[in-house]
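K.L.:
sequence unknown, structure follows:
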């Protein structure tokens, strides 16, 4: 009996996250694959991409939400030069950009919609002088979620599908909880 008490079952949990959408070309295929496999994901949405996609993109946001996927805020512009000039947080610019995207999401999903999840463009861990944002997030009960594994779809190198799969395996190794960064924007068809 003592031996059984000391056995710990370890399971790897993978959270699939998609940044920068929606995309009229990639998001429908991502949603089809997720739905076929009864898998839920988190979509970190960028407002400018939604607006550029017009009514089709707005409908995709509704489809993500109505299919039970989590919707999170990934800023309106994704303009790192504006949000983090000189790699330093500009809190006023960040707050305005975040809130603009929040209003856009409410206009699509209803005034009662709110997300308490966000991802900084480029990741929270990438920038300097983030204490004002930390305070803002705490005051507003917003969770900032970065990632701890990736598939390489934003690394600049055109990976083959097998290289992307190997990248996921390599960056997930040794982690019981994996937050996998992927993108569903135009040009990310291999994802």
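P.N.:
Right, received. Where do you want to start? This one's a predicted model, so the numbers in the text were calculated from it and none came from an experiment.

K.L.:
Flag the shaky bits of this structure, pLDDT-wise.
P.N.:
Within the chain, the ranges that satisfy pLDDT under 70 run 1-10.

K.L.:
List the contacts of the residue nearest the centre of it.
P.N.:
Nearest to the mean C-alpha position of the chain, by CA atoms, centre = their mean, lies residue 44 at 3.4 Å. Applying CB atoms under 8 Å, 6 or more residues apart in numbering to residue 44 gives the contacts 17-20, 72-74, 118-119, 145. (Each C-beta comes from the backbone N, C-alpha and C, glycine too.)

K.L.:
now do residue 54
P.N.:
Per CB under 8 Å, 6+ apart, neighbours of residue 54: none.

K.L.:
switch the cut-off to 10 Å
P.N.:
Residues near residue 54 by CB atoms under 10 Å, 6 or more residues apart in numbering: residue 24.

K.L.:
Same check on residue 183?
P.N.:
Residues counted as contacts of residue 183 (CB under 10 Å, 6+ apart) are 17-21, 23, 26, 30, 44, 150-151, 153-154, 191.

K.L.:
Make TSV out of the residues you listed and add secondary structure.
P.N.:
Below are the contacts of residue 183 laid out as TSV (DSSP: H, G, I helix; E, B strand; the rest coil):
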residue	secondary structure
17	strand
18	strand
19	strand
20	coil
21	coil
23	coil
26	coil
30	helix
44	strand
150	strand
151	coil
153	coil
154	coil
191	coil
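
K.L.:
of all these, which comes closest to residue 124?
P.N.:
Comparing the contacts of residue 183 against residue 124 with CB to CB places residue 44 closest, at 12.1 Å.

K.L.:
Can you give me the distance of the closest residue to that closest one other than its chain neighbours to residue 150?
P.N.:
In space, residue 44 comes closest to residue 74 once its chain neighbours are excluded; the distance is 3.8 Å by CB to CB, 6 or more residues apart in numbering. Separation of residue 74 from residue 150 (CB to CB, to the nearest Å): 15 Å.

K.L.:
What ranges does the chain have for its helices?
P.N.:
Remark: helices assigned in the chain by DSSP state H are 2-6, 27-36, 47-52, 54-66, 80-83, 91-109, 131-139, 161-172.

K.L.:
how about those in TSV, adding distance to residue 124?
P.N.:
Output for those, formatted as TSV (distance: least, CB to CB, whole Å):
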stretch	distance to residue 124
helix 2-6	37
helix 27-36	24
helix 47-52	19
helix 54-66	23
helix 80-83	12
helix 91-109	11
helix 131-139	8
helix 161-172	18
